[in-house]
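1. here is the input, now give the coordinates:
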Amino acid sequence: MFETIKDRKIKFALVGCGRISNNHFGSFEALKDQCEVVGVCDIDPANLQAAVERTGAKGYTSYTEMLADTDADIIVLTTPSGLHPDQAVQAFEAGFHVVTEKPMATRLHDGERMVKAADNAGKRLFVVKQNRLNATLQMLKRAVEENRFGKICMVHLNVFWTRPQSYYDQGGGWRGTWEFDGGAFMNQASHYVDLMEWLIGPVQNVQAMISTHRDIEAEDTGVMNIRWRNGALGSMAVTMCTYPKNLEGSITILGETGTVRIGGMAVNEIQEWNFADSRDYDQQVKTANYETTSVYGFGHPLYYKNVVDVMRGEAEPITDGREGLKSLELLIAAYLSARDNRTVSLPLVY
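-> Here you go, the predicted model:
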């Protein structure tokens, strides 16, 4: 049984004050009546200073020192992905709950280690999957759950974005490495990989190929073929080499009684919405669309609202550690397929 916090604000301490941390700080500001940032940590003095000035929280240059000193309820990990497992385990052993950015880890056994550590400590592990909460995808999820597609036959996803060499060169050389970051599938497109399981169901087989055009270790371009257990077939095409800017993040689902395509730069436009039946919420298609200049969408505040509700004992987590493992397993299966030039069957661990 998890403890609940009902009579005060939920206290957060965040480590890793770089690019994505702004979305988290913005969420805390949007939920300021329920959230409080009491600590921020970064090894980069400029990043740390900016975070302290924005939040008014106590600044730390050492993660270990922050864990020993802070009175936070939840530690937020927005550090390089390869650091998440050890940092999460440290936080659990020190008595904290954890919110971790995607991907939760770069290796499947590390993700499993995080889940076991949370279980052993009796603490919550939240894995950020904010795109699930975008209005366009919420409508699509509802249509799938109501079986409006009938039998789903084909699914396709595109992620055509750009990350120039200058992007990979910033931040101390961890970007694009297998150890700390992963490539286009694991990092930039991981939310789209998540949609495969979340929307369509368990995956049976994966075939993948990857290539690298930037000066990095991991892939910046990849393709994936998928067979789901329900018989649907699908594919995914990802590249960070689009010129000159981000072009498209899309998903298309073709079923016996329905066709939907959600596109735009980041699944922010419902471009096709056709079903054999009609429902009252079909009229919301246009209002669900939104303009965006960010590939992150607007789901972070909604995600943190769920975290707060869970800590109050009023909701269940949208994505906990076990849910996070599903997309991590699919990512690892794709990399194994690309490495060995073979079809990989799931689950990887029995």
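2. so who does residue 252 touch?
-> 154, 155, 156, 157, 259, 260, 261, 262, 272 (Cβ atoms under 8 Å, 6 or more residues apart in numbering). Using the backbone N, CA and C atoms, a C-beta is placed for each residue, glycine as well.
3. least confident secondary structure element in the protein?
-> helix 285-288 (a mean of 90; mean pLDDT, DSSP states H and E).
4. give me the contact list for it.
-> 135, 136, 138, 139, 270, 273.
5. make a markdown table out of these and add neighbour count.
-> Listed next are the contacts of helix 285-288 as a markdown table, based on neighbours: other Cβ atoms under 10 Å:
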| residue | neighbour count |
| --- | --- |
| 135 | 18 |
| 136 | 25 |
| 138 | 16 |
| 139 | 21 |
| 270 | 22 |
| 273 | 19 |
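6. related to what we said a few turns ago, in ChimeraX, select just the buried ones from the contacts of residue 252.
-> Those of the contacts of residue 252 that count as buried under 16 or more other Cβ atoms under 10 Å are selected in ChimeraX with:
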select :155,156,157,260,261,262
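7. of the contacts of residue 252, which is the nearest to residue 37?
-> residue 262 (33.2 Å; Cβ to Cβ).
8. in three-state terms, label that closest one for me.
-> Recorded secondary structure, residue 262: strand (DSSP: H, G, I helix; E, B strand; the rest coil).
9. what ranges in the stretch 201-350 of the chain fall below the confidence cut-off?
-> For the stretch 201-350 of the chain, the stretches with pLDDT under 70 are 292-298, 350.
10. all the strands of the stretch 51-200 of the chain, in order from the start?
-> Per DSSP state E, counting those that start in this stretch, the stretch 51-200 of the chain carries strands over the ranges 58-60, 74-77, 97-100, 125-127, 152-160.
11. got those as TSV, with distance to residue 327 columns?
-> As requested, those are exported to TSV (distance: least, Cβ to Cβ, whole Å):
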stretch	distance to residue 327
strand 58-60	31
strand 74-77	17
strand 97-100	13
strand 125-127	9
strand 152-160	13
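12. got a markdown table for those, with distance to residue 193 and mean pLDDT too?
-> Formatted as a markdown table, the strands of the stretch 51-200 of the chain follow (distance: least, Cβ to Cβ, whole Å; pLDDT from 0 to 100):
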| stretch | distance to residue 193 | mean pLDDT |
| --- | --- | --- |
| strand 58-60 | 33 | 98 |
| strand 74-77 | 19 | 98 |
| strand 97-100 | 16 | 98 |
| strand 125-127 | 13 | 98 |
| strand 152-160 | 8 | 98 |
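13. quick one: closest of those strands to residue 171.
-> The nearest among those, by Cβ to Cβ, is strand 74-77 at 15.6 Å.
14. with just CA atoms, put that closest one into PDB.
-> In PDB, the C-alpha atoms belonging to strand 74-77 read as follows (Å, rounded to 0.1, in the frame of the first residue of the first chain):
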ATOM      1  CA  ILE A  74       9.500  12.700  -5.700                       C
ATOM      2  CA  ILE A  75      12.800  12.800  -7.600                       C
ATOM      3  CA  VAL A  76      12.500  13.700 -11.300                       C
ATOM      4  CA  LEU A  77      15.100  12.400 -13.700                       C
END
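15. packing partners of that strand?
-> Strand 74-77 is packed against strand 10-15, helix 84-93, strand 97-100, with contacts defined by 3 or more Cβ pairs under 8 Å, 6 or more residues apart in numbering; DSSP states H and E.
16. other SSEs contacting the longest one?
-> When contacts are defined as 3+ Cβ pairs under 8 Å, 6+ apart, helix 84-93 packs onto helix 63-69, strand 74-77, strand 97-100, helix 108-121.
17. take these and lay them out in TSV including distance to residue 313.
-> Output for the helices and strands packed on helix 84-93, formatted as TSV (distance: least, Cβ to Cβ, whole Å):
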stretch	distance to residue 313
helix 63-69	25
strand 74-77	15
strand 97-100	13
helix 108-121	17
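18. could I get the ones you listed in CSV, plus columns for mean neighbour count and distance to residue 183?
-> Formatted as CSV, the helices and strands packed on helix 84-93 follow (neighbours: other Cβ atoms under 10 Å; distance: least, Cβ to Cβ, whole Å):
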stretch, mean neighbour count, distance to residue 183
helix 63-69, 16, 26
strand 74-77, 26, 20
strand 97-100, 25, 19
helix 108-121, 18, 16
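19. to residue 279, which of the ones you listed lies closest?
-> Comparing these by Cβ to Cβ, strand 97-100 comes nearest, at 34.1 Å.
20. what pairs with that closest one, parallel or antiparallel?
-> Strand 97-100 sits in its sheet next to strand 74-77 (parallel), strand 125-127 (parallel), going by DSSP bridges.
21. any idea how far that strand is from the middle of the chain?
-> 13 Å (Cα atoms, centre = their mean, to the nearest Å).
22. please apply the same query to stretch 304-312.
-> 17 Å.
23. with stretch 106-116 instead?
-> 15 Å.
24. please save the CA atoms from it in CSV.
-> What follows is stretch 106-116, C-alpha atoms only, in CSV (Å, rounded to 0.1, in the frame of the first residue of the first chain):
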residue,chain,number,x,y,z
THR,A,106,18.8,2.1,-22.6
ARG,A,107,18.9,-1.6,-21.7
LEU,A,108,16.0,-3.9,-20.9
HIS,A,109,17.6,-5.4,-17.8
ASP,A,110,18.2,-1.9,-16.4
GLY,A,111,14.6,-1.1,-16.8
GLU,A,112,13.6,-4.2,-15.0
ARG,A,113,16.1,-3.3,-12.3
MET,A,114,14.3,0.0,-11.8
VAL,A,115,10.9,-1.7,-11.5
LYS,A,116,12.3,-4.2,-8.9
